[in-house]
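Colleague: Sequence first, then the predicted structure, then my questions.
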Amino acid sequence: MQQSVELAGIGKGFGAFDVLKNIDLSVRPGEFLSLVGMSGCGKSTLLRIIAGLERPDRGSVAIGGSDVTELDPSARNLAMVFQSYALYPHMSVRQNIATPLRMRRLSLAGRLPLVGALAASAEVLHDIDKSVEQAAETLQISHLLDRKPAQLSGGQRQRVALARALVRSPAAFLMDEPLSNLDAKLRAHMRNELAALHCRLGATFIYVTHDQIEAMTMSDRIALMNEGQIEQLGTPSQLYEHPATLTVARFIGTPSINLVPVEVLSNGSVSLFGHVLGLAAGGHDAGPATLGVRAEHISIGSEGLPLRVLRTETHGADRFVHAHLLADETLRVTLRLTAGEPLAADTADVIQVSFPPERAHLFGRDGVRLAALPTDRVAA
Ligand SMILES: Nc1ncnc2c1ncn2[C@@H]1O[C@H](COP(=O)(O)OP(=O)(O)OP(=O)(O)O)[C@@H](O)[C@H]1O
């Protein structure tokens, strides 16, 4: 269950539409890698290509170092878990979990002469029962083995689907939005369970989601896709702290990163509506750029950029202040304060805010990250 998955130069089109453009990706053995991105960016198609359910137009897929590009799905030994659990409604949980093993092992026994086949079948059935019980125990559904899917909650059905994947000891698990049919609370719970299951099994997981929170909380690494390409591949904190592009910065993080248009001046300093920030863009021509600052890096002080408060919200330990730039009310800014922090501001008040320049992200006109340094660290 700990195999690497290597994609090299994968391209795929549907008609004239290029869905995947030259994807290279190495998933390490035992890694939890998430493919995330907006709807339509090609993540499900990529997963289906790994599974063998879709043929790439170009490129190759290797599992555990062996090229499987030409192999059928059944010969790849991968387990796929879908958003719709795809359980057989007329079968018990035990039969559902056992099905992939029965299909694989009894068909082998069936090829033996009759007496041999009967003996082999009894042994195989015993082994299958044991494997089913182990998988059920791992997913804590042993008490549900004799129920039918209709008698289970959404979370329990998802665990049955996982147990059915687990029982086959696949080279890797491929999951396509497996939690999206669950309500918010159960989804949060199942995220923890999946992460714990991954730790326990040490298996390779490739997980498709459009939900950045799922990707951020469970993954070892995230491949953020945009228009058929991998925009950035890295750990959750690399993507959060050093987004390579505006698309990544926008996609990762709750609340969304604050973005405002700025001007890079000819001496490299950065100006926001005439307010020169303590920030310099390295190696960039003068012109328009975008400044990004995360909500938790903005603080209120006695001087700084003026904002008008729209409203405040308390979320348990956090307090959010929603405001707009005084210079342009269409430019919204969110601050995240800890609930204990004093806040002497009410709706419609003007506050002054600042942020440490090293926490700022700067993106050029093409959306690519620019080097940005606090002005006092720029060599004279
Ligand atoms: N069999 C197909 N025939 C034609 N177009 C397809 C086919 N499968 C996918 N597409 C198109 O390819 C693009 C990528 O689809 P894909 O399902 O991979 O995206 P996705 O990122 O998984 O999106 P979502 O999160 O909405 O599932 C979409 O524009 C989709 O309409």
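Modeller: Yep, it's here.
Colleague: how about the most centrally placed residue in the chain, what does it touch?
Modeller: By CA atoms, centre = their mean, the chain has its centre lying nearest to A215, at 2.7 Å. Taking CB atoms under 8 Å, 6 or more residues apart in numbering as the criterion, A215 is in contact with 34, 36, 207, 209, 222, 236. C-beta: built from backbone N, CA, C; applies to glycine.
Colleague: which residue packs closest to the second one, ignoring adjacent ones?
Modeller: Looking back up the chat, that one is V36. Once flanking residues are discounted, V36 sits nearest to A215: 4.4 Å by CB to CB, 6 or more residues apart in numbering.
Colleague: Can you give the distance of the helix or strand harbouring the one you found from its chain's centre?
Modeller: Following DSSP states H and E, the helix or strand that holds A215 is helix 212-218. In this view, helix 212-218 has its centroid 5 Å away from the chain centroid, taken as CA atoms, centre = their mean, to the nearest Å.
Colleague: next SSE after that helix?
Modeller: Helix 212-218 is succeeded, C-terminally, by strand 221-226 (DSSP H and E).
Colleague: returning to what we had before: out of the contacts of A215, who has the most neighbours?
Modeller: The most crowded member of those, judged by other CB atoms under 10 Å, is I222 (30 neighbours).
Colleague: what about that one, distance to A196?
Modeller: Applying CB to CB, to the nearest Å, the value for I222 to A196 is 19 Å.
Colleague: For the residue of the stretch 101-250 of the chain found nearest the ligand, list the residues it contacts.
Modeller: Using CB to the nearest ligand atom, the single residue of the stretch 101-250 of the chain nearest to the ligand is H210, 4.7 Å away. Going by CB under 8 Å, 6+ apart, H210 touches 36-39, 43, 177.
Colleague: Please report the number of neighbouring residues for T45.
Modeller: Neighbours of T45 (other CB under 10 Å): 21.
Colleague: Quickly note the distance from it to F173.
Modeller: Distance of T45 to F173, computed by CB to CB: 18 Å.
Colleague: One more: H189?
Modeller: 19 Å.
Colleague: Looking at these two, which is more packed in?
Modeller: Ranked by neighbour count (other CB under 10 Å), H189 and F173 place F173 first, with 25 against 14.
Colleague: which residues does the more buried one contact?
Modeller: For F173, the contact set (CB under 8 Å, 6+ apart) comprises 1, 78-81, 165-166, 203-206.
Colleague: Quick one: low-confidence residue ranges for the stretch 101-250 of the chain.
Modeller: Counting by pLDDT under 70, the ranges of the stretch 101-250 of the chain that qualify are 105-120.
Colleague: Which stretches in it count as helices?
Modeller: 114-138, 154-166, 184-201, 212-218, 236-241, 246-251 (DSSP state H, counting those that start in this stretch).
Colleague: Format the ones you listed as a markdown table; extra columns: distance to the ligand.
Modeller: Formatted as a markdown table, these follow (distance: least, CB to the nearest ligand atom, whole Å):
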| stretch | distance to the ligand |
| --- | --- |
| helix 114-138 | 28 |
| helix 154-166 | 18 |
| helix 184-201 | 16 |
| helix 212-218 | 12 |
| helix 236-241 | 17 |
| helix 246-251 | 12 |
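Colleague: out of these, nearest to R359?
Modeller: Closest to R359 of the helices of the stretch 101-250 of the chain is helix 236-241 (CB to CB; 9.0 Å).
Colleague: who touches that closest one?
Modeller: 215-217, 219, 222, 224, 232, 248, 252-253.
Colleague: Show me how to select, in ChimeraX, the buried members of these.
Modeller: Filtering the contacts of helix 236-241 down to the buried ones (16 or more other CB atoms under 10 Å) takes a single ChimeraX command:
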select :215,216,219,222,224,232,248,252,253
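Colleague: just curious, which of the contacts of helix 236-241 is nearest to R294?
Modeller: G253 (6.3 Å).
Colleague: Next, the closest one: secondary structure please.
Modeller: coil (DSSP: H, G, I helix; E, B strand; the rest coil).
Colleague: isn't it right up against E296?
Modeller: No. Taking CB atoms under 8 Å as the definition, G253 is not a contact partner of E296, at 9.5 Å.
Colleague: one step back: quick one: which of the contacts of A215 is nearest to K21?
Modeller: V36 (17.2 Å).
Colleague: For that closest one, give me its contacts.
Modeller: With CB under 8 Å, 6+ apart, V36 has these contacts: 43, 208-212, 215, 222-225, 251.
Colleague: mind giving me TSV with those residues and columns for distance to G64?
Modeller: Listed next are the contacts of V36 as TSV, based on distance: CB to CB, whole Å:
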residue	distance to G64
K43	22
V208	21
T209	25
H210	29
D211	29
Q212	30
A215	24
I222	23
A223	20
L224	26
M225	24
F251	31
